[in-house]
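K.L.:
Got a predicted structure plus its sequence, pasted below:
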Amino acid sequence: GAVVSQHPSWVICKSGTSVKIECRSLDFQATTMFWYRQFPKQSLMLMATSNEGSKATYEQGVEKDKFLINHASLTLSTLTVTSAHPEDSSFYICSARDRRQGIHEQFFGPGTRLTVL
Amino acid sequence: LAKTTQPISMDSYEGQEVNITCSHNNIATNDYITWYQQFPSQGPRFIIQGYKTKVTNEVASLFIPADRKSSTLSLPRVSLSDTAVYYCLVGDGPSNTGKLIFGQGTTLQVKP
């Protein structure tokens, strides 16, 4: 199946700094990518839909000025957590939809563990 | 997007068949049903997807009744490595946006 990568796989930062997470579709083009956040022992929560060449669509309750999403190409979307605080510590996961497959399967990245001190 | 309901947890033993049922009463006509598996600190992994009746692949079967208001994921002869969280989702059809809303999922514990 198609592969989605994320970088970095984990990151530790100080409170108040910004962190950028990359999501790449390695062998297919993704006009749409999605960003999720997952706290321990909880399910994935959809944060936003990232559209190539246009603004992201954020879910209710997600601060768009805090979680900046850029989808500059058909294979790359980035999530920047600005002015990170300890409560932003979480597991961030992206996904991309591969329309080539015919069954419209979504592929998820391996996730990025963010720890804010 | 249709809401899904699954059992929070299930226990099984190695070699047994495991069936996890999901209800999605408000499924839309163009919604597909997709199941994902997630291990701790990893992204979800696609298991199987279907629209109606039965779908089978090398790892699982998916049974969908005619009214499509529920679905059952069947895992044959589970092993310890099948211990994971299983999510049932609806909405990822060809004409849909691809937006998926995850429910609580079912934590499957396979015992030796």
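P.N.:
Nice, thanks for sending it over.
K.L.:
Would you quantify the distance from B:T53 to chain A?
P.N.:
Separation of B:T53 from chain A (CB to the nearest CB, to the nearest Å) stands at 15 Å. Using the backbone N, CA and C atoms, a C-beta is placed for each residue, glycine as well.
K.L.:
which residues touch the closest residue to that residue other than its chain neighbours?
P.N.:
Distances taken as CB to CB, 6 or more residues apart in numbering or on different chains put B:I64 closest to B:T53, at 6.1 Å, once the chain neighbours are dropped. Each residue near B:I64 by CB atoms under 8 Å, 6 or more residues apart in numbering or on different chains is listed here: B:33, B:50-55, B:70-71.
K.L.:
now do 7 Å
P.N.:
B:33, B:50, B:52-53, B:71 (CB atoms under 7 Å, 6 or more residues apart in numbering or on different chains).
K.L.:
List only buried entries from those.
P.N.:
Among the contacts of B:I64, those classed as buried by 16 or more other CB atoms under 10 Å in any protein chain shown are B:33, B:50, B:71.
K.L.:
need these in TSV with pLDDT and secondary structure, can you?
P.N.:
What follows is the buried ones among the contacts of B:I64, written out as TSV (pLDDT from 0 to 100; DSSP: H, G, I helix; E, B strand; the rest coil):
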residue	pLDDT	secondary structure
B:I33	92	strand
B:G50	92	strand
B:S71	97	strand
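K.L.:
phi, psi of A:L26?
P.N.:
phi -80, psi -30 (degrees, to the nearest 10).
K.L.:
Please state the offset of stretch B:100-112 from the chain centre?
P.N.:
In terms of CA atoms, centre = their mean, to the nearest Å, the centre of stretch B:100-112 is set 9 Å apart from its chain centre.
K.L.:
Equivalent analysis for stretch A:65-80, please.
P.N.:
On CA atoms, centre = their mean, the centre of stretch A:65-80 falls 8 Å from that of its chain.
K.L.:
which other residues reach that stretch?
P.N.:
Applying CB under 7 Å, 6+ apart, the contact partners of stretch A:65-80 are A:18-25, A:29-31, A:33, A:35, A:47-48, A:50-52, A:56, A:81-82, A:92, A:94.
K.L.:
Using a markdown table, lay out the buried ones among the contacts of B:I64 together with distance to B:Y87.
P.N.:
What follows is the buried ones among the contacts of B:I64, written out as a markdown table (distance: CB to CB, whole Å):
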| residue | distance to B:Y87 |
| --- | --- |
| B:I33 | 11 |
| B:G50 | 15 |
| B:S71 | 12 |
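K.L.:
What is the nearest of these to chain A?
P.N.:
Closest approach between those and chain A, by CB to the nearest CB: B:G50, at 9.0 Å.
K.L.:
Grab the nearest non-local neighbour of that closest one.
P.N.:
Excluding the flanking residues, the one nearest B:G50 by CB to CB, 6+ apart is B:L62, at 4.5 Å.
K.L.:
Sheet partners, orientation included, of the strand or helix carrying that neighbour?
P.N.:
Using DSSP states H and E, B:L62 sits in strand B:61-64. For strand B:61-64, the paired strands and their directions (DSSP bridges) read strand B:53-56 (antiparallel), strand B:70-75 (antiparallel).
K.L.:
Could you export it as CSV, CA atoms only?
P.N.:
Output of strand B:61-64 as CSV, limited to C-alpha atoms (Å, rounded to 0.1, in the frame of the first residue of the first chain):
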residue,chain,number,x,y,z
SER,B,61,-13.8,-10.3,6.6
LEU,B,62,-16.4,-7.6,6.8
PHE,B,63,-20.1,-8.4,7.0
ILE,B,64,-22.6,-5.8,6.2
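K.L.:
This completes my enquiry, with thanks.
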